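A.B. asks: Coordinates for the following, if possible.
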Amino acid sequence: MARLLRGAPVAAQLVEEVAERAAALAERGTVPTLAVVRVGEAPGDLAYERGILKRAERCGVAVRREVFAEDVTQAELLACVERLNADAAVHGCLIFRPLPAGLVEEALCGALAPEKDMDGITPGALYGVFADRTVGFAPCTAEAVVELLERSDVPLEGARVCVVGRSLVIGRPVSLMLLSRNATVTMCHTRTRDLDAECARADVLVVAAGHAATVGTAAVRQGQTVVDVGINADPVTGALVGDVAFDEVEPIVDAITPVPGGVGAVTTAVLMRHVVEAAERALTKRVDM
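C.D. replies: Next up is the predicted model:
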């Protein structure tokens, strides 16, 4: 039976650390503040927002909600982002995506100040990930994968890591973040020739393909650690499942994340850390001026 890498204990550690840092900021008169920009009432967005509000309360982070109807114009959203950029009381911004049809997501992401980008959506923040420099913040889910591995004592230095998925949200940034930990990283995708063989060679397998059951028994072996980032609805039961065929893979590998209860539980805690760190940077900059 594999060791289950549950996200809750890791998230609890992060929340405790972040709350201490937020309290120290509060003593200096600064309340870390996150602005959430949401368009429409999509159930997934509402659930994520509720999770953010609960986690923020525990961390000592204030949340400002900027909610718009689905018929909002591009100009109205851009004006909101520009206002948040200029507001010194707002330290971070999270824009819920995807946006409704007719809105140009790239333009909105590009308008956000990199130092207030909490989820790695701006060119400046992504540059920081690719160049391994502190410019903005990495995508929260990608960083949550690394946190979960490191805090679960999974060796990364010198390890063979296979990442299945090449999106800018998870696949590419997590590959580079693992590379910076001195792992040897192979990036694959659903069109990789002999994907199963590439996966089976890895010591650590990170799956973010966006398709249920992309990874089955032919892609894994004994001794592996498997991180499943996928969230899919089972077409028959409606239950949430990952990109890994958990029931088939779990008896084979050494460690695996459950879905739900794995990486997702860490993501909002990473978001809170980003907000607090952004507030710390802003305060330091203000003192140095």
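
A.B. asks: Can you name the next helix or strand after the helix or strand encompassing Cys109?
C.D. replies: In the assignment (DSSP states H and E), Cys109 maps to helix 105-111. Per DSSP H and E, the first helix or strand lying C-terminal to helix 105-111 is helix 123-131.

A.B. asks: thinking again about what came up before, what packs against the helix holding Cys109?
C.D. replies: helix 74-86 (3 or more C-beta pairs under 8 Å, 6 or more residues apart in numbering; DSSP states H and E). All C-beta spots, glycine's among them, are computed from the backbone N, C-alpha and C.

A.B. asks: still on that earlier bit, quick one: mean pLDDT for the helix holding Cys109?
C.D. replies: The average pLDDT within helix 105-111 is 92.

A.B. asks: And stretch 261-272, by the same measure?
C.D. replies: Computed over stretch 261-272, the average pLDDT equals 95.

A.B. asks: neighbouring contacts of it?
C.D. replies: 5-8, 10-11, 14-15, 18, 34, 51-52, 55-56, 59, 61, 94, 118-119, 140-141, 143-145, 147-148, 227-229, 231, 242, 257 (C-beta atoms under 8 Å, 6 or more residues apart in numbering).

A.B. asks: Please apply the same query to stretch 72-82.
C.D. replies: Among residues not part of stretch 72-82, those counted as contacts by C-beta under 8 Å, 6+ apart are Val37, Val39, Glu66, Phe68, Cys93, Ile95, Leu103, Val104, Ala107, Leu108, Ala111, Leu112.

A.B. asks: Now Thr192: closest residue in space, sequence neighbours ignored.
C.D. replies: Computed as C-beta to C-beta, 6 or more residues apart in numbering, the closest residue to Thr192 that is not its neighbour in sequence is Glu198, at 6.0 Å.

A.B. asks: In contact with that neighbour: list those residues for me.
C.D. replies: Counting by C-beta under 8 Å, 6+ apart, Glu198 has contacts Cys162, Thr186, Cys188, Thr192.

A.B. asks: again, 10 Å this time
C.D. replies: Counting by C-beta atoms under 10 Å, 6 or more residues apart in numbering, Glu198 touches Cys162, Val164, Thr186, Met187, Cys188, Thr192, Leu205, Ala219.

A.B. asks: What of Ala24?
C.D. replies: Shown in contact with Ala24 (C-beta under 10 Å, 6+ apart): Thr30, Gly60, Val276, Glu280.

A.B. asks: And it, how far from Gly92?
C.D. replies: Separation of Ala24 from Gly92 (C-beta to C-beta, to the nearest Å) stands at 17 Å.

A.B. asks: go on, Asp71?
C.D. replies: 27 Å.

A.B. asks: between those two, which one's more packed in?
C.D. replies: Each of Asp71 and Gly92 has its neighbours counted (other C-beta atoms under 10 Å); Gly92 has more, 30 against 10.

A.B. asks: Strands of the chain, start to end?
C.D. replies: Secondary structure of the chain (DSSP state E): strands located at 3-4, 33-39, 62-68, 92-95, 160-164, 184-188, 204-207, 225-228, 232-233, 240-241, 255-256.

A.B. asks: Let me have those strands in TSV, extended by distance to Ala75 and mean pLDDT.
C.D. replies: Putting the strands of the chain into TSV (distance: least, C-beta to C-beta, whole Å; pLDDT from 0 to 100) gives the following:
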stretch	distance to Ala75	mean pLDDT
strand 3-4	48	97
strand 33-39	14	97
strand 62-68	12	97
strand 92-95	16	96
strand 160-164	38	98
strand 184-188	38	97
strand 204-207	39	98
strand 225-228	40	98
strand 232-233	35	87
strand 240-241	37	89
strand 255-256	47	98
